Structure formats: C-alpha cells, structure tokens
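J.: Here is my input; please provide its structure:
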Amino acid sequence: PEDSSSVTEYLHPFTISDLGTTEISAVALSEGKAISRVVSSKFHVLEEIRAVVIEPMSGVFADSVKIVLNCSMPGAVIRYTTDGTEPNAASSVYREDGIVLRQDGIEKTYVVKAFAAKPGMGDSRVATSGSITVQPQVAMPMLYPSAEAGPFLNGLDVKITCDTVGASIFWTDDGSKPDRFSNLYVPGEPIKLKKTGTVFKIVAVADKMATSSVVESGEYVIKVATPAFSPDGGNFVDSVDVQITTTLPSAEIHYIIVGKDEDQSAPTAMSPTYQSSIALVHTGKQIRAVAIHPDMDNSEVAESEAFTIEVAPPTFEPTGGTFTGQAEVTIVSATPGAEIRCTLDGSEPTEQTAVCKMPVVVLETGTMIKAVATKDGMSVSSVASLQAAMVIKAVAPSISPDGGTFTESALVVLSSSNPTAKMYYTLDGSAPTAESAMYTGPISIQDTDTVVKAVAVADGKAPSATLTSKSYTIQAEPVHFEEKGT
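T.: Reported below is the predicted structural model:
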C-alpha cells in the first residue's frame, strides 16, 4: 500500500459502490514499530434488483382481490408470502396471472411480502404491503315488484329484500348514490310509490362485510287508472245522464263527446273537465275520457259504447173505445219539439212516414193507429199503437114526426146525416138489424100505439145505436053528421 497512489488512511467504515470485484489491501502503521504485513481481500459487489411493487398495497375488498407483483428487472423471479412472514428461496413463486386473495366466509386480513431474485444479481429488498382485508360481500338487495313489471295503476307498494341475515338496506330515489346516511328501509313497511319515472338505487350493508353492489332499478311507470262510464252506452229515451269515475280520487278527468266512428281525436288536458254527470240528448254519440294526475302518466283513453237516444214514444188520447160517427185522437210525445208520424192502416210508421195533423180523425171502425215520434239529432222512437182498434158507429137515424096522434094513418120519414148509410126499421117493437125492412121512403103507420125502431148501417162503421120513436096513436076518422031536409 505504501507504493499505491490510492492509499487512504482508514478513519471509519467505507462503502464499495463499484460493481464487480474490488481488491482491498491494508497495512497498519504505528510509531516506533515496523509496518505490518499487507493484508488483502477481494470484495464482489453485485447489482441489486429494485424492490417489488405490490398493487394494491392495502385496502378493504369485497369477496376477493387480485394482487399484482411487478419487478422492473427482466427475468427476475419473485417470491412472496401472504401471511406477513418473511419470504425466502422456498416461498411461493409469483405467476403472471396474479395472486387472488379471498374471504373464507368471514373477514380475512392479509399482509403480502415479496422479493425478486436473479442469478448474478443481488436480491431485492423485501417489499411489504399494508393490511389487505377481504370481506364477504352482502347479497345484492332486490326490489319487488320490479319496474319491468309495470306500468302500474295509481301507485304501488315497493318492497326490498336481502338474503344476507341482519343486513340493513338504504335507498335513494333522487339519483344519488345510497350510503349509510340515505333512507333506511324498514322491513314490513313498503315504500309507497306515487310518482312516475322514479328510479331507486339501493344498497345493503352489514358489520364486517363488504357493502353490496348498488342496485339500480328501472324507471317505474305509474299511470292513472282508466276512467269508467256509468252507464256505458245503450238505448235511452229522451236523454241520459252519464257519470265518469276513476279509482284515483285526486285525478282530474277530461272528456270529449264524438259521433260514433266519425272522429278519432283523443281528450287532453285542454278538453272539458268532468265535474258532474253529462246529459246526452243526441243519439249516436260516444264519450272519450282520460284521467290526469301531475305525478303520474295519463291514463289510457277510455271510450264508451255508443249512446242511442230515442224520442219519447207517442201517447194517445183517447186510447181506444166506441164512438159515433168519428173519433178525434190526439197523439203527443214527452220530448219537446218532437213530430208525430202515424199510419191508420196497420203498417209500421218510420221516419219517412208523413207527419200527422192533429187531431187524427178516425172514421172507420176497426182502425188501428200506429205512431212514432221523431226529432233532429235523436233516434226515432219506438212504435206506439192504440190499446185496441176503435169502434166507429154510424150516426143513428133521425125520425119525423117522432110519435104523436094521427087520424087513420101517419107518414113517418127517416133520415141520416150520412148520405150513403142504409136504414133498417121495425114496427113490432123488435130490435132492427140488417135483416129488417130497409127504409126506402116514408113509412105509413096504420096501427095505433106503434113504435118505430131504426138503425143506420154504413160502410166501415158499426151499426148505429137504435132509434126508438115515441108511440104513434092512430085514431079512426071521426063521425060527421050530414043534415038533410027541406
């Protein structure tokens, strides 16, 4: 060393930083003594591998976590432990697919230690992770019914369940992520959902377990129940009052009245608001209605069956009976402004039948009046008819003179107001018929106390009432005295 240009006095330990082999020679010097013999030693300095990088270094994980070990030195072999013990040449060799740490049904904590080694190089320092905790994960909570089961009418009760015993469930419906400070679901107390478009986010938590995944429901669609009509179409006389109801009292009903199959428009919030029963007076109409609530989707459009509104059927005065000469029948309908159309021949009247002039004059016996009532915008009424055919008798004959006292005989004249009527009579007190003597001219009464009975018979009429005259007294010619003399 005394001949070396790199002689350095040793004062304290020193570091050899040059890679490769370095030979150190040394002697000891002491005053008054000879120099010691030279002592030499070779030191081999190898390149140290950089420490292994552990990812992730620490944390709490649900169910399992994959640990990745990286070393920047190509070809280096990484050995590791997961229980916190120091790794050595006998420890597990790291594979490229990583290390999967799992829970064993309970919370489990790992500490990973690893080093890298390569022939011709110095082992890396041991890298140590922090605490890596793997917890069993709380089961995902479930909503019932699901949003996909909708749409729902007027609202629904939403229940939330979790298969993990003792788990607490938290939920939001404002789009925020749920946590332990969110709404707490109370088992047995379902969430009363009244607003359409609601989306739930729910999470379940339990001690020493990883929080469940956040479950996000679909969008719940809530519609107002479809309105109902009472009555729902049908046949009615004069008018009908229609009520519209919905099972959601706070909903508002809007409606339109349309002709059957004439208009495909639908009611909207701008349509008339239903407040009380609707009076329909025109035939062939239908009602369409929708129920609206600000927090819900509009109901389906309800369409009633068609309403047929008939004019009130005619009534007759008189309704039948027996009349002399003719009958005058008044026919009316309870529907204001209705027109009466009638037939007298037994045929069925229709809307095309002529309007009857009132009163209707019936001249023939057996006449059966049938009538309908019509009015614009309404269906023709049902056919009304007399309870029985009318009986029209011929007018009874007149007699002149009507009884009295006469000498030897009396000439009696019968007459009728109907020039086509035929008159039959008897003089023996019996009731006259069409088989009795027909009147053709004045009747000569010869016998005292004779009573004339007569009837008139005319086409289309029943025989008249019997005319019974007063008694005829026929006296003999009185005695006349004739004076003769001179």
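J.: What helix or strand is residue 66 located in?
T.: For residue 66, the host element (DSSP states H and E) is strand 64-70.
J.: Dump that strand to CSV, restricted to CA.
T.: Output in CSV follows, covering the C-alpha atoms of strand 64-70 (Å, rounded to 0.1, in the frame of the first residue of the first chain):
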residue,chain,number,x,y,z
SER,A,64,-61.8,-11.3,-3.3
VAL,A,65,-58.9,-9.1,-4.6
LYS,A,66,-56.3,-9.8,-7.2
ILE,A,67,-52.7,-8.8,-6.1
VAL,A,68,-50.3,-8.0,-8.9
LEU,A,69,-46.5,-8.0,-8.2
ASN,A,70,-44.2,-6.2,-10.6
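J.: hmm, who's touching it?
T.: 52-56, 59, 78, 80, 82, 94, 98-103, 112, 114, 129, 132, 134 (Cβ atoms under 8 Å, 6 or more residues apart in numbering). Bear in mind the C-beta positions are built from the backbone N, C-alpha and C, glycine included.
J.: Buried subset of those, written for PyMOL?
T.: In PyMOL, this line selects whichever of the contacts of strand 64-70 come out buried by 16 or more other Cβ atoms under 10 Å:
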select buried, resi 52+54+78+80+82+94+99+101+103+112+114+129+132+134
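J.: In helices, which of the contacts of strand 64-70 appear?
T.: Taking DSSP state H, every one of the contacts of strand 64-70 sits outside helices.
J.: Give me the subset of the contacts of strand 64-70 lying in strands.
T.: If you go by DSSP state E, the contacts of strand 64-70 have 53-55, 59, 78, 80, 99-102, 114, 132, 134 in strands.
J.: Most widely separated two among the residues you listed?
T.: For the ones in strands among the contacts of strand 64-70, the farthest-apart pair by Cβ to Cβ is 53 and 102; their separation is 22.3 Å.
J.: OK, contacts around the spatially most central residue of the chain?
T.: Closest to where the C-alpha atoms of the chain average out (Cα atoms, centre = their mean) is residue 226, at 2.5 Å. Taking Cβ under 8 Å, 6+ apart, we find residue 226 in contact with 246, 291, 299-302.
J.: I'd like the residues you listed written out as TSV, with distance to residue 398 and pLDDT added.
T.: As requested, these are exported to TSV (distance: Cβ to Cβ, whole Å; pLDDT from 0 to 100):
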residue	distance to residue 398	pLDDT
246	77	95
291	79	98
299	80	97
300	80	96
301	76	96
302	73	96
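J.: now the helices for the chain?
T.: Going by DSSP H, the chain shows no helices.
J.: residue ranges of the strands in the stretch 351-486 of the chain, please?
T.: Counting by DSSP state E, counting those that start in this stretch, the stretch 351-486 of the chain has these strands, from start to end: 360-362, 370-374, 384-385, 391-393, 398-400, 404-407, 410-415, 422-426, 437-438, 443-445, 453-457, 467-468, 472-475.
J.: Please enumerate residues in contact with the last one?
T.: Right, strand 472-475. With contacts defined as Cβ under 8 Å, 6+ apart, strand 472-475 is touched by 403-410, 412, 445-452.
J.: In PyMOL, how would I select just the buried ones from those residues?
T.: Selecting the buried subset of the contacts of strand 472-475 in PyMOL, with 16+ other Cβ under 10 Å as the burial test, is done by:
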select buried, resi 403+406+410+412+445+450+452
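J.: circling back: between the strands of the stretch 351-486 of the chain, which one is nearest to residue 230?
T.: Among the strands of the stretch 351-486 of the chain, if distance is taken as Cβ to Cβ, the winner is strand 370-374, at 27.2 Å.
J.: ok, and what's touching the closest one?
T.: 311-314, 316, 331, 333, 335, 338-343, 346-351, 353, 356, 380-385.
J.: who's in contact with stretch 268-283?
T.: In contact with stretch 268-283 (Cβ under 8 Å, 6+ apart) are residues 236, 238-244, 252-257, 287, 289-290, 292, 307-310, 377-379.
J.: Mind giving me the ChimeraX command for buried ones among those?
T.: A single ChimeraX command selects the buried members of the contacts of stretch 268-283 (16+ other Cβ under 10 Å):
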select :236,238,240,242,244,252,253,254,255,256,257,287,289,290,292,307,308,309,310,378,379
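J.: Let's see which of the contacts of stretch 268-283 end up in strands.
T.: Short answer: the contacts of stretch 268-283 in strands (DSSP E) are 236, 240-244, 252-257, 287, 289-290, 292, 307-310.
J.: Identify the residue nearest residue 369 in space, chain neighbours excluded?
T.: residue 386 (5.2 Å; Cβ to Cβ, 6 or more residues apart in numbering).
J.: which residues does the one you found contact?
T.: Going by Cβ under 8 Å, 6+ apart, the list of residues near residue 386 reads 316, 319-320, 329, 368-369.
J.: swap the cut-off to 6 Å and go again
T.: Residue 386 sits next to 316, 320, 368-369 when contact means Cβ atoms under 6 Å, 6 or more residues apart in numbering.
J.: what's the pLDDT at it?
T.: Here, the pLDDT recorded for residue 386 equals 84.
J.: cool, and the one 3 residues further on?
T.: Confidence per residue is given as pLDDT, and for residue 389 that number is 79.
J.: Look up how far residue 354 lies from it.
T.: 21 Å (Cβ to Cβ, to the nearest Å).
J.: Neighbour count: those two, which is higher?
T.: residue 389 (16 against 10; other Cβ atoms under 10 Å).
J.: how near is the more buried one to residue 420?
T.: Distance of residue 389 to residue 420, computed by Cβ to Cβ: 22 Å.
J.: what about stretch 233-241, how long is it end to end?
T.: End-to-end span of stretch 233-241 (Cα to Cα, to the nearest Å): 11 Å.
J.: Other residues contacting it?
T.: 277, 279-281, 304-310, 312, 335.
J.: how far is that stretch from where the chain is centred?
T.: 24 Å (Cα atoms, centre = their mean, to the nearest Å).
J.: Also stretch 21-31?
T.: 106 Å.
J.: pLDDT of that stretch, averaged?
T.: Per-residue scores along stretch 21-31 average to 82.
J.: could you dump that stretch to CSV, C-alpha only?
T.: Extracted C-alpha coordinates of stretch 21-31, given in CSV (Å, rounded to 0.1, in the frame of the first residue of the first chain):
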residue,chain,number,x,y,z
THR,A,21,-14.6,-7.3,-8.0
THR,A,22,-12.7,-4.8,-5.8
GLU,A,23,-9.5,-5.9,-4.0
ILE,A,24,-8.7,-4.0,-0.8
SER,A,25,-5.2,-4.2,0.6
ALA,A,26,-4.2,-2.7,4.0
VAL,A,27,-1.3,-2.3,6.4
ALA,A,28,-1.1,-1.0,9.9
LEU,A,29,1.4,1.8,10.9
SER,A,30,2.4,2.5,14.4
GLU,A,31,5.0,4.9,15.7
